[in-house]
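> here is my input; please provide its structure:
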Amino acid sequence: MNPHLMKLIGLAVTCWLAGAMEVVFAQDNAGARTISGSVQNQDLRRVGQALVEVRDQEGTIVAHKVTNDAGEFTVAVPAEGTYSVSAVLETYRSEYVIVKIGTEPPAPIKLTLAQTKEIALEIRSPLPPIQYKASSETYSLSRKDVEILPRGNNNTVAEVLQTVPSVVYGALGQTHIRQDHA
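Below is the predicted model:
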């Protein structure tokens, strides 16, 4: 046989073996980056056709999968890291389970679906303080400082002054400014 042909065949076989080994390694590594488990109702019956969502730390969905008829799922994630996993089926939703993906595959997880309820939530928090420039007795506030506040375009002067340290609004509607004493 021609020696050049033998070298070419040997090189082709070597490249093929290296590629096959790389594919096997990639499959082994992908096995460590899979999340598996099952979805069940509160009465512990498995649920098929539930949507399983995997979110990264920013809350972005990075993978999703529909459970099989036995309620089981296997989802591959793009990289190592910390993920939250939940399941959804119509008006039912599961709790969030936090899973750490590393070199070892994580243990199988169980997601339990529960009926969701809509609630109205009103969040109240104090107004953030205004950044002010202070001299010995003068505070300087611009309209821009006031407008940055929540409801800043319709606050009263008294409400704005209350965000400054040592300002108190009296019961009869007076604004009191206390001075610091040494």
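> any idea which helix or strand carries residue 86?
strand 81-89 (DSSP states H and E).
> beyond that strand, next helix or strand please.
As assigned by DSSP H and E, the chain's next helix or strand after strand 81-89 is strand 92-94.
> quick check: next helix or strand after the helix or strand of the chain at the bottom of the mean pLDDT ranking?
In the chain, no helix or strand scores lower on mean pLDDT, DSSP states H and E than helix 3-32, which sits at a mean of 52. Downstream of helix 3-32, the next assigned helix or strand under DSSP H and E is strand 34-40.
> which other helices and strands does that following strand contact?
Applying 3 or more Cβ pairs under 8 Å, 6 or more residues apart in numbering; DSSP states H and E, we find strand 34-40 packed against strand 72-76, strand 81-89, strand 109-115. (C-beta placed from N, C-alpha, C; glycine too.)
> distance to residue 162, mean pLDDT and mean neighbour count for these - can I get that in TSV?
Shown next, in TSV, are those (distance: least, Cβ to Cβ, whole Å; pLDDT from 0 to 100; neighbours: other Cβ atoms under 10 Å):
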stretch	distance to residue 162	mean pLDDT	mean neighbour count
strand 72-76	51	95	18
strand 81-89	40	95	19
strand 109-115	43	94	16
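> tell me which of those sits nearest to residue 42.
strand 109-115 (6.0 Å; Cβ to Cβ).
> residues touching the closest one, excluding its own?
Contacts with strand 109-115, where a contact means Cβ atoms under 8 Å, 6 or more residues apart in numbering, come from 35-42, 47, 50, 52, 85-87, 89, 91-95, 97, 99.
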